[in-house]
Structure formats: structure tokens, C-alpha cells
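Novice: Build me a structure from this.
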Amino acid sequence: MIIQDGIKRMYHDKENMFYYISLMNENYQHPEMPEGAEEGIIKGIYQLEKGSGKAKNRVQLMGAGTILREVRFAAEILRSDFDVEADVWSVTSVNELTRDGQRATRWNMLNPTAAARKPYVTQVLEASEGPFIIATDNLKTYSEQLRAYIPGSYTVLGTEGFGRSDTRTQLRHFFEVNRYFVVIAALKSLADQGKIKADVVAKAIKKFGIDPEKADPMSV
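Specialist: Reported below is the predicted structural model:
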């Protein structure tokens, strides 16, 4: 979809712009494109999976890049082990969503008596229940760009500090972006909102073998 849209706008419509796609060297089977997701894919976010709605608590999990797979696994763990339902969102472009949000903010500032415009990501997410957690292969500051436009509690997981040449499993544990850290972030957000007890988070940390005294990736 993104490649097709880029070809149309750059070559057919002759718009003065460029498209880019970030590629990763991890092989995996991509999920089927949900019906009606075309607009969201181009604009930067679409719902990949919707939870069943049977659990008492719900969270919104957002993933960009290959970490989206970890986010999907995290949704399964939350559902099976913690009775927490999760909707999963694929974020195809944090930058595009940010630019859209900035355009809306600027327009609202210069048109104070007109009906306010809402950023696309706000429109898409505002009816969603529960806290929002995003995980990416990128720096935390990358996804922090969206904080002003997320309609609720927002937790960002991302890579920080110096790079590490190791297995993907070790890298994702080191940078705290794997499925288990996504689960911990989701549970902690629910605990902060008083929806579950804090000891549920503590037990999950122990269950996953995560050392609370683990070095902060930003410090090493």
C-alpha cells in the first residue's frame, strides 16, 4: 500500500515529495491486511487485531517495525495469563502521525474561533479503552513525538544507549522492548489507574525472570 501510494503521488501526480521505507533483516510471515485498513496504513496507524472484550480490563498495544511481533505475543500473554484483553495497533509511521498532529495544532492555534481539528491518531484512538503502550525498535524519543496526540495514559518502550551486537532475543531484553516488557508496561499502567493491584505487576516481573536491578540501557 505504501509503495503504491508513493508511486502514484511522486510519479503519476508529480507531487514534490519523497517516500521512504525502513527495512529489517528479520524473516517472518506478515499478517493479512485487515479489511478497510488502507487509509490507516498510509496515514500511519491501523488496528491489526481487536480483543474479544470478555476480560474485565483492556489495554491498547501499539507496535512499529519488527517489534510489532513482540507486541502481538504480549497481547496473547496478557489474555491467557492475566485476564487482560488487548487491542493491537500497527504503527506504520510515527513521523507521519506526528506531522499530521503538528499541522492540526498549528491550524487550531491560527483559527481559534473555528471548530478544532483533531490529529488522525487522536481520531483513531479516542474511542479505545485502557492505557496505551507503544514499543518500537527505535529510540524512545521517536515515539515520544506522539504523546501530545494520544488520548490517554501513554507508555513508550524503545531502544536507548549504545548498540549491542548480539542475538535479537538478547538485544530486545537488553533494551527492554520484548514481549515481557510490553506485558509489564501494560500491567503497570493498569496498576497506576487502580484497575489491578501493584503486586500483580511484581509477580509478573518475577514470573518472567526480570531483574528489577537490571542496568538501565541508557546508563551502559
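Novice: so how far is residue 210 from the residue located most distally from the centre of the chain?
Specialist: Distance from the centre of the chain peaks at residue 113, with 33.4 Å (CA atoms, centre = their mean). To residue 210, residue 113 is 52 Å away according to CB to CB, to the nearest Å. To be clear about C-beta, it is placed using only N, CA and C from the backbone, and glycine gets the same treatment.
Novice: Secondary structure class of residue 169, three-state.
Specialist: For residue 169, the assignment made with DSSP: H, G, I helix; E, B strand; the rest coil gives helix.
Novice: Which parts of this structure are strands?
Specialist: 45-49, 57-64, 84-91, 132-139, 154-159 (DSSP state E).
Novice: Most tightly packed of these?
Specialist: Burial of the strands of the chain is given as mean neighbour count (mean count of other CB atoms under 10 Å); strand 57-64 ranks first at a mean of 26.
Novice: May I have the strands that pair with it, each with its orientation?
Specialist: strand 84-91 (parallel), strand 132-139 (parallel) (DSSP bridges).
Novice: so can I have JSON lines of those strands showing distance to residue 39 and mean pLDDT?
Specialist: Below are those laid out as JSON lines (distance: least, CB to CB, whole Å; pLDDT from 0 to 100):
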{"stretch": "strand 84-91", "distance to residue 39": "13", "mean pLDDT": "97"}
{"stretch": "strand 132-139", "distance to residue 39": "20", "mean pLDDT": "94"}
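Novice: can I get those strands in CSV with distance to residue 55?
Specialist: Listed next are those as CSV, based on distance: least, CB to CB, whole Å:
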stretch, distance to residue 55
strand 84-91, 4
strand 132-139, 16
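Novice: For residue 27, which of those strands is the nearest?
Specialist: Checking the strands paired with strand 57-64 against residue 27 by CB to CB gives strand 132-139 as the closest, at 15.4 Å.
Novice: on that earlier part again, please tabulate the strands of the chain in a markdown table, including the columns distance to residue 24.
Specialist: Shown next, in a markdown table, are these (distance: least, CB to CB, whole Å):
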| stretch | distance to residue 24 |
| --- | --- |
| strand 45-49 | 17 |
| strand 57-64 | 11 |
| strand 84-91 | 14 |
| strand 132-139 | 7 |
| strand 154-159 | 13 |
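Novice: how about those, which one is nearest residue 100?
Specialist: Judged by CB to CB, the one of these that comes nearest to residue 100 is strand 45-49, at 10.2 Å.
Novice: Name the residues that touch that closest one?
Specialist: 31, 34, 37, 39-40, 62, 68, 72, 75, 86-92, 97, 120-121, 124-125 (CB atoms under 8 Å, 6 or more residues apart in numbering).
Novice: for stretch 23-38, which positions count as buried?
Specialist: residue 37 (16 or more other CB atoms under 10 Å).
Novice: Show residues contacting it.
Specialist: Residues from elsewhere that reach stretch 23-38 (CB under 8 Å, 6+ apart): 1, 41, 46, 47, 48, 65, 66, 69, 72, 137, 168.
Novice: ok, so of those, who is nearest residue 144?
Specialist: residue 137 (14.9 Å).
Novice: Now do the contacts for the closest residue to the closest one other than its chain neighbours.
Specialist: Nearest non-adjacent residue to residue 137, counting by CB to CB, 6 or more residues apart in numbering: residue 65, 4.5 Å away. The contact partners of residue 65, by CB under 8 Å, 6+ apart, come to 22, 24, 136, 137, 138.
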